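1. heads up, no residue letters with this:
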């Protein structure tokens with residue numbers, strides 16, 4: 001739990017999480033050591049994300065990440081499925097343990113199950129990671145949820 005989540009819980013009594021905290025939990029549960037990372041971010045933001053994951057023992061090496069250097073939120077939301085399909089395929093080729101689509105403004109969550117079936121690899125979208133962790137913290141069984149990925153079935 002982050003300091004922010006801890007403070008929020010201590011002040012309100014309500015458990016808190018974020019997409020990134022949830023992703024970290026999933027990487028630990030699934031024992032991911034090599035992560036494919038797909039984002040819309042600019043170079044310096046992407047480099048900072050890669051550095052943070054390296055610090056916790058998760059490799060995002062050459063060929064394992066793709067980013068689009070998009071700066072405007074509206075432009076991020078307009079990124080199409082075909083482009084994301086290609087980016088996911090490119091990082092999977094790098095022999096990763098899982099893929100993360102990392103930006104809550106990406107329209108990617110609806111593609112997770114498609115990518116998992118096509119590439120036979122878990123995909124953690126940051127919209128789905130926070131939903132997974134919130135339901136888990138609230139003791140809500142999501143295992144019957146269809147069409148949104150393996151995290152609800154196996155975590």
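-> Sure, I can see it. Keep in mind that this is a model prediction, so the values were computed, not measured.
2. show me where the protein has strands.
-> 35-39, 65-67, 98-101, 123-125 (DSSP state E).
3. looking at those strands, which is nearest to residue 17?
-> With C-beta to C-beta, the closest approach to residue 17 among these belongs to strand 123-125: 13.9 Å. Using the backbone N, CA and C atoms, a C-beta is placed for each residue, glycine as well.
4. wait, which of the strands of the chain is closest to residue 12?
-> strand 123-125 (27.1 Å).
5. so what strands line up beside that closest one?
-> Using DSSP bridges, the strands paired with strand 123-125 in its sheet are strand 98-101 (parallel).
6. contacts for the strand it pairs with, please.
-> By C-beta atoms under 8 Å, 6 or more residues apart in numbering, the surrounding residues in contact with strand 98-101 are 23, 27, 30, 32, 35-39, 84, 88, 91-92, 108-109, 111-112, 115, 119, 121-126.
7. indicate which one of the strands of the chain is closest to residue 55.
-> Residue 55 sits nearest to strand 35-39 of all those, at 13.0 Å, using C-beta to C-beta.
8. if you count neighbours, what's buried in the closest one?
-> 35-39 (16 or more other C-beta atoms under 10 Å).
9. check the offset of stretch 39-54 from the chain's centre.
-> 13 Å (C-alpha atoms, centre = their mean, to the nearest Å).
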